[in-house]
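1. got a sequence here, can you model it:
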Amino acid sequence: MRRLVLPIAALVALSGCKEQKAEAPPPVRPVLTTTVALEEARTFGPFAGTVQPRYESQLGFRIGGRIVARDVFVGDQVAKGTRLAALDPTVQQFALVRARADVADAQAQVKNASAAEGRQRILFENNSAVTQAQLDGAVANRDTADARLAQAKAALQKATDELGYATLTAGFDGVVTAWSAEVGQVVPPGQVVVTMARPDVREAVVDIPDDLIGEMPKDIEFTVRLQEVPEVTARARVREIGPLAEASTRTRRVRMSLIDPPDGFRLGNTVTVAFERPVSPRFPVPSTALVEDDGHAAVWVVAPDGRTINRREVTILEREEGRAFVGTGLKAGEKVAVAGVHGFTEGQAVRLPETDL
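-> Next up is the predicted model:
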């Protein structure tokens, strides 16, 4: 009897071990998640840029010479008519003296020719020994003297102007942005010496990737923020889009006219440019979070206690590269699995990482 009881007891114990092994809970699986957030506006940008003047002039002397004076420096505010630089005027002063002497000589010649022509005319009218040819010669001499006087006066005006060209003045109220020559340097006519900008008309200049130019909304106002003080903002409209992309960066230069910018928008400030437009409420999630079967989309949502995961049906409003926008089925703040979504089971135990993606 004892021999029969022992095998039976062993079988009962063995079957109990198998049941315990079958009922062991599945292992806790680590899950990579992201926290969803409600999006009610789409942002185009932001793009970094700078504040630049719309009007900028490169100024130079209209004559050549050696620079002897530089009166302003980069960053100086100058008023219209302010002297910026000057050339050595010695040569122009000598030319002016000579031109004045030529005018005086021509005036004397005109006076002499006019007197001679008057005497010849009186004698001719009194039937004296003056022929018509002699009178015509006197008239021609007077006309020649008048022409030479006009020529001398034009040369005097030119010499006066060239003396004035030895001084470079500001043609408008502006700010000096660059210098291209120094005192003692000999410059030819037209060489750029100083660059001036008009600070009253300012623009935001940004470089936007070529593939995003087509997505840029038309006829809208962008928001421009100072990077160092984001609270200071201004509105801007697109004025010009570069026709060609830069070869190395594949970006196109976009110039935006600032609309009534505050004083904080100074030339050279770094800014960010962006545009927000309202959209229907949505939750952006990575494309890897979606599980799609027979045209239906779902995601795996981690329970609030962070211990289990459950499948939930969602509706997709829009897709773009690497992302999908969920319309219904999610709530802000929920955690969604973004990797290994085809290996989960309903109610499976999971372990969250220390940080989300």
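2. where exactly do the helices run in the protein?
-> 2-22, 90-125, 132-165, 210-213 (DSSP state H).
3. the longest one versus helix 132-165: what angle between them?
-> It refers to helix 90-125. 160 degrees (axes from the mean of the first three to the mean of the last three Cα atoms, to 10 degrees).
4. buried sites along helix 90-125?
-> By 16 or more other Cβ atoms under 10 Å, the buried positions in helix 90-125 come out as 91-92, 95-96, 99, 102-103, 106, 109-110, 113, 116-117, 120, 124. (Glycine included, C-beta is placed from N, CA and C.)
5. try the last one
-> With burial defined by 16+ other Cβ under 10 Å, not one residue of helix 210-213 is counted as buried.
6. list the helices and strands that helix packs on?
-> Using 3 or more Cβ pairs under 8 Å, 6 or more residues apart in numbering; DSSP states H and E, the elements in contact with helix 210-213 are strand 251-259.
7. check which residues of the strand it packs on are buried.
-> T251, R252, R253, V254, R255, M256, S257, L258.
8. so which of the buried residues of helix 90-125 would you say is closest to I63?
-> Q92 (7.4 Å; Cβ to Cβ).
9. so what pLDDT did the residue nearest to that closest one when sequence neighbours are not counted get?
-> Leaving aside its chain neighbours, Q92 sits nearest to L163 (4.2 Å; criterion: Cβ to Cβ, 6 or more residues apart in numbering). Listed pLDDT for L163 reads 93.
10. ok, L163 touching V91?
-> No. Counting by Cβ atoms under 8 Å, L163 does not reach V91; the two are 9.4 Å apart.
11. which residues touch R311?
-> Neighbouring residues of R311 by Cβ atoms under 8 Å, 6 or more residues apart in numbering: V291, A298, V299, W300, V301, F344, E346.
12. residues near the third one, how many?
-> Taking other Cβ atoms under 10 Å as the neighbour definition, V299 ends up with a count of 24.
13. quickly list what it is bridged to.
-> Beta-bridge partners of V299, counted by DSSP bridges, are R312.
14. residue contacts, it?
-> 285, 289-291, 311-312, 314, 326, 329-330, 336-337, 341.
15. wait, E203 touches R255, no?
-> Yes. The pair E203 and R255 passes the contact test of Cβ under 8 Å, sitting 5.1 Å apart.
16. overlap in contacts, these two.
-> Listed as contacting both E203 and R255 by Cβ under 8 Å, 6+ apart are Q52, R54, R239.
17. pull out the buried members of these.
-> With burial judged by 16+ other Cβ under 10 Å, the buried subset of the shared contacts of E203 and R255 is Q52, R54.
18. what residues are up against the closest residue in space to A236 that isn't next to it in sequence?
-> Ranked by Cβ to Cβ, 6+ apart and with sequence neighbours excluded, the top spatial neighbour of A236 is M256, at 3.9 Å. Counting by Cβ under 8 Å, 6+ apart, M256 touches E203, A204, V205, V206, F222, V224, A236, R237, V238, R239, V273.
19. so which of those residues are in strands?
-> If you go by DSSP state E, those have E203, A204, V205, V206, F222, V224, A236, R237, V238, R239, V273 in strands.
20. pretty sure the fifth one contacts T272?
-> Same thing as F222. No. F222 lies out of contact with T272 (Cβ under 8 Å); the separation is 10.0 Å.
21. can you pull the residues that touch both of those two?
-> With Cβ under 8 Å, 6+ apart as the test, F222 and T272 both reach G45.
22. who has more neighbours out of the two?
-> Under the neighbour definition other Cβ under 10 Å, F222 and T272 were set side by side, and F222 has more, 26 against 19.
23. bridged to the more buried one, which residues?
-> Taking DSSP bridges, one obtains A236 as the residues bridged to F222.
24. can you give me the distance of it to F73?
-> Counting by Cβ to Cβ, to the nearest Å, the gap from F222 to F73 is 34 Å.
25. equivalent analysis for I208, please.
-> From I208 over to F73 (counting by Cβ to Cβ), the distance is 34 Å.
26. ok, now A349?
-> Counting by Cβ to Cβ, the gap from A349 to F73 is 72 Å.
27. those two: who's more crowded?
-> Counted by other Cβ under 10 Å, A349 and F73 do not tie: A349 has more neighbours, with 15 against 9.
28. and the gap between K331 and Q109?
-> On the measure of Cβ to Cβ, K331 and Q109 end up 103 Å apart.
29. among the helices of the chain, which comes closest to L59?
-> helix 132-165 (12.0 Å).
30. returning to that earlier point: what number of residues lie near the residue nearest to Q92?
-> 19.
31. again, but for L290
-> L290 has 19 nearby residues by other Cβ under 10 Å.
32. residues contacting it?
-> A297, A298, V299, I316, A324, V341.
33. what's the ChimeraX syntax to select whichever of these are buried?
-> Buried subset of the contacts of L290, written as a ChimeraX selection, criterion 16+ other Cβ under 10 Å:
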select :297,298,299,316,324,341
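34. okay if I get the contacts of L290 as CSV plus distance to P262?
-> Formatted as CSV, the contacts of L290 follow (distance: Cβ to Cβ, whole Å):
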residue, distance to P262
A297, 47
A298, 50
V299, 45
I316, 43
A324, 40
V341, 49
